[in-house]
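Asks: quick one, what's the 3D model for this:
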Amino acid sequence: MNATATSYQYKPRPSSPSQRWSKPSKPAFDVSDSNHPVQQEINKCLGQYALTATFTRDDDTLQRFSHVPGIIAFNCELKKGNEVIGYGHGSSIISKMSRYVEKSVHMALNSSLIEAVVKATKILDVLVPATNSQSLGASVPVSAIYDTKEEQGFQEATDKQKSYLYELLQNVNDGEARARWEAQIPSFSKADASEAIRELKGAQ
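Replies: Predicted structure coming up:
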């Protein structure tokens, strides 16, 4: 009986996509170079900001919710020089659920400051120091710097959504929890607001 030998020719396997792209030509999001447009934009933001926060009683809120025992409310006006750049509100309720009066009062105060700061950050032309030359980073899109493109999908919550959220929060008895919600609402996206509305309505 004669054995027939069969010869096999080795064929290298094609590399997978992950192997082919394992060594990118440019590291994504590497901004360590001092001449990088991102570093130029960062340098624009460095420095000292002379801001003034003025706190007053929020008489409008106190009057509107005068039927709520123990309610406290603050306004915070944030200025840069003589220019108002942010305005915030904060409230809390002193009740038998409150462990410490001082903490509840300061929570309302801090909430008004946080909201004022959040709104102020949107006024970039006021906050960022003026420069004599146009920053390179201001005219360079991220997609031109990196090989990877990022989706710019943020949409701020509508005034109607925010108003409804503040209305729902009046039914939240926990002053600290309500203050945390109030501090976050100004920075909510539409999706965040929709989720928060569902959560607050479900808790009622």
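Asks: which strand or helix spans the nearest residue to T52 once chain neighbours are set aside?
Replies: Of all residues beyond its chain neighbours, the one nearest T52 is K79 (4.6 Å), with distances taken as Cβ to Cβ, 6 or more residues apart in numbering. All C-beta spots, glycine's among them, are computed from the backbone N, C-alpha and C. Using DSSP states H and E, K79 sits within strand 71-80.
Asks: tell me what that strand is packed against?
Replies: Applying 3 or more Cβ pairs under 8 Å, 6 or more residues apart in numbering; DSSP states H and E, we find strand 71-80 packed against strand 51-57, helix 59-64, strand 83-93, helix 101-120.
Asks: tell me which of the ones you listed is the most buried.
Replies: strand 83-93 (a mean of 21; mean count of other Cβ atoms under 10 Å).
Asks: strand partners (parallel or antiparallel) of that one?
Replies: Next to strand 83-93 in the sheet, as set by DSSP bridges, lie strand 71-80 (antiparallel).
Asks: using CSV, write out every CA atom in the partner strand.
Replies: Taking Å, rounded to 0.1, in the frame of the first residue of the first chain, the C-alpha atoms of strand 71-80 are listed here in CSV:
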residue,chain,number,x,y,z
ILE,A,71,-38.9,78.4,53.5
ILE,A,72,-35.7,80.3,53.0
ALA,A,73,-34.4,81.7,49.7
PHE,A,74,-31.5,83.7,48.4
ASN,A,75,-30.5,85.6,45.2
CYS,A,76,-26.9,85.8,44.1
GLU,A,77,-25.7,88.5,41.7
LEU,A,78,-22.3,87.8,40.2
LYS,A,79,-20.3,90.8,38.8
LYS,A,80,-17.1,91.3,37.0
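Asks: now that strand and strand 51-57, what's the angle there?
Replies: 160 degrees (axes from the mean of the first three to the mean of the last three Cα atoms, to 10 degrees).
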